[in-house]
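Trainee: test case, fold it:
(2 chains)
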Amino acid sequence: MFEFFTLFFIQRALLIGAVIAIVSGFIGPFILYRKMSFIGVGISHGTFAGIALGILLGVSPLPVAIIFAIGLGIFIGFTSRTGKISEDVSIGILFSFAMALGIFLISLSSGYHTDIMGYLFGDILAISNNDLYLAIGVLGSVVLWYILRSRQMKYMTFDEDFAKIAGVPVGIDYYIFMALISLAIVVIVNFVGVILASSIIIAPAASAKSLAKRFSSIVILSIVLAEVTIFSGIIFSYSLNISSGPSIVFFVTFVFLLSLLAGKIKFIKYTKRNSNSE
Amino acid sequence: MIKVNSLSVRYDNFEALSILSLTIEDGKFHAIMGPNGGGKTTFIKALVGLLPYEGRIEIDGIDHKRYLKKNSIGYLAQRGSQFSQFPITVLEVVEMGRYRFKEPDHTRKNKAFEFLKVFEMENFASKNINELSGGQQQRVLMARALATESKILILDEPLTGMDPKAQSLFYDMIKRIKDDFKLTIIMSSHDVGFISEYADNIICINRELIPHDKSAKVLTCTEVSKLYGPKIGIVEHHHLHSEKDDV
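Mentor: Have a look, this model is predicted:
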């Protein structure tokens, strides 16, 4: 069992998993409370189009995916802020388009690409040092953003109109947030694939929301739950020799269901205590 | 003093509000009355900077848009449209009003706490605002509006859903803070009775200014009918007074 931890690719996967858990823990709760949960799906599929374009051009897919994802994130934000459609509508349209574009671009490129499945469902064997450096860079940006702008984000998420009146540059903060979500999604797509990426960013935050009351507790608990589920998923996938992406998503979803149950029990206990005291 | 000239607010091609000329004097309680869809909220949102408009608004002789770049206006939105379920403490909510003041964290928190005291909500400072009752939330949001230290306080139908006693207490509170903080208060409401009793001036709006006799503080039956429709009149009734008044 402990030989598992001596494997270099596993060490790298655990390290990048730890980084992703922290990134998700800081960003996820804001996505959840801003009711933007669908954004993960939209941007991850946009990333696929970027990867496909990189493959077609014969260049490293990662930088192209980053540009694509940030472009798509800001475009979704722009259409929903300036148009008359909600984020969900623009995401719903754009993510299908991005997926279709990705498949179209890949079919244009010559040869058979075995790594497509890896991009779709994740492959920890395919994680390179560059992916790890990118993840650490994104972590640095997210932590810096949280230190400098989380107060403004809290105000905006609670009451955007008053935040604007109070002088918070809500437009700038919104687009910075969209760009950070896009960067985080690119890192997560590298890890668990396009199809499964959104659950890593949303589910730990949703689980933490059921269990904690204060926002700071929700953030900390999101990070802890993401760490536990990602590590468990990697170990489980290695033990059973299955893909890491689905394995991690199983654990993330299992913890989410447990948190719902725990939240329900907490609520019943609270109601009983209140009715007894009356 | 707020001066409005040739104001026009549009939603696409629909002109929701048009005001040729209006002056709102300092230090008074101005009530905005008018039917639903008549443009009260539109006017208020334009005043606080949430809606674009054509025309000119001046505050203390300064162009409104320039004024809002450096100053906030105290604002209380319509009940039910005020905030999300985001878990934020009462103290943090009031701290929002201090955003423009570049002050250290502890000063901001202390100031916010002082404004909570004005509304006797200091014991709730560390509570999540979503755990409070509607009336308590309203007082916290009033504290937040005052925390901006704006001399203008704009309230958009703050009494919706309140029983007559709560309404009476609310008006007493408005009167008290208006005098204590020397505020200009602009408030939209449908309550002809309370408005007649408490407001210094009534602004009647139904997509444009509706003229009425400014010398009288009370709207006449004809004026109310003109504003709300021919079947609406005034029924005389006595208001409940708060316990404070009885003492």
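Trainee: buried stuff in stretch B:118-135?
Mentor: For stretch B:118-135, burial by neighbour count (16 or more other CB atoms under 10 Å in any protein chain shown) applies to B:Val118, B:Phe119, B:Met121, B:Glu122, B:Phe124, B:Ala125, B:Asn128, B:Ile129, B:Leu132. The C-beta positions use only the backbone N, C-alpha and C, and glycine is treated the same way.
Trainee: center of the chain - which residue?
Mentor: In the absence of a named chain, this looks at chain A. Taking CA atoms, centre = their mean, the centroid of chain A lies closest to A:Ile201, which sits 3.0 Å from it.
Trainee: my bad, the chain I had in mind was chain B
Mentor: Chain B has B:Leu155 as the residue nearest its centroid, 1.4 Å off, counting by CA atoms, centre = their mean.
Trainee: where does that one fall, secondary structure wise?
Mentor: Taking DSSP states H and E as the criterion, B:Leu155 maps to strand B:152-156.
Trainee: now the phi/psi pair for B:Glu149, please.
Mentor: Backbone torsions of B:Glu149, given as degrees, to the nearest 10, read phi 60, psi 20.
Trainee: check A:Val219 too.
Mentor: phi -60, psi -50.
Trainee: near it, how many other residues are there?
Mentor: When neighbours are defined as other CB atoms under 10 Å in any protein chain shown, A:Val219 has 22 of them.
Trainee: now do the contacts for it.
Mentor: The neighbours of A:Val219, taking CB atoms under 8 Å, 6 or more residues apart in numbering or on different chains as the test, are A:Gly25, A:Phe26, A:Pro29, A:Ala208.
Trainee: farthest-separated two in those?
Mentor: Spatial extent of the contacts of A:Val219 (CB to CB) is set by the pair A:Phe26 and A:Ala208 at 11.9 Å.
Trainee: who has more neighbours, these two?
Mentor: A:Ala208 (27 against 20).
Trainee: check which helix or strand the more buried one maps to.
Mentor: A:Ala208 belongs to helix A:197-211, assigned by DSSP H and E.
Trainee: quick check: mean pLDDT of that helix?
Mentor: Mean pLDDT, helix A:197-211: 92.
Trainee: cool, stretch A:69-86 as well?
Mentor: 84.
Trainee: same deal with stretch B:210-219?
Mentor: Averaged across stretch B:210-219, the pLDDT comes to 66.
Trainee: ditto for stretch A:260-267
Mentor: Average pLDDT, stretch A:260-267: 86.
Trainee: that one vs chain B: in contact?
Mentor: No: Stretch A:260-267 does not reach chain B (CB under 8 Å from any CB of the partner chain); its nearest approach is 13.8 Å.
Trainee: ok, residue 152 - contacts?
Mentor: Picking chain A for this. Each residue near A:Gln152 by CB under 8 Å, 6+ apart is listed here: A:Ala163, A:Val168, A:Pro169, A:Asp173.
Trainee: actually, chain B is the one I wanted.
Mentor: Each residue near B:Ile152 by CB under 8 Å, 6+ apart is listed here: B:Ile2, B:Ile59, B:Ile73, B:Gly74, B:Leu183, B:Thr184, B:Ile186.
Trainee: brilliant, that's me finished.
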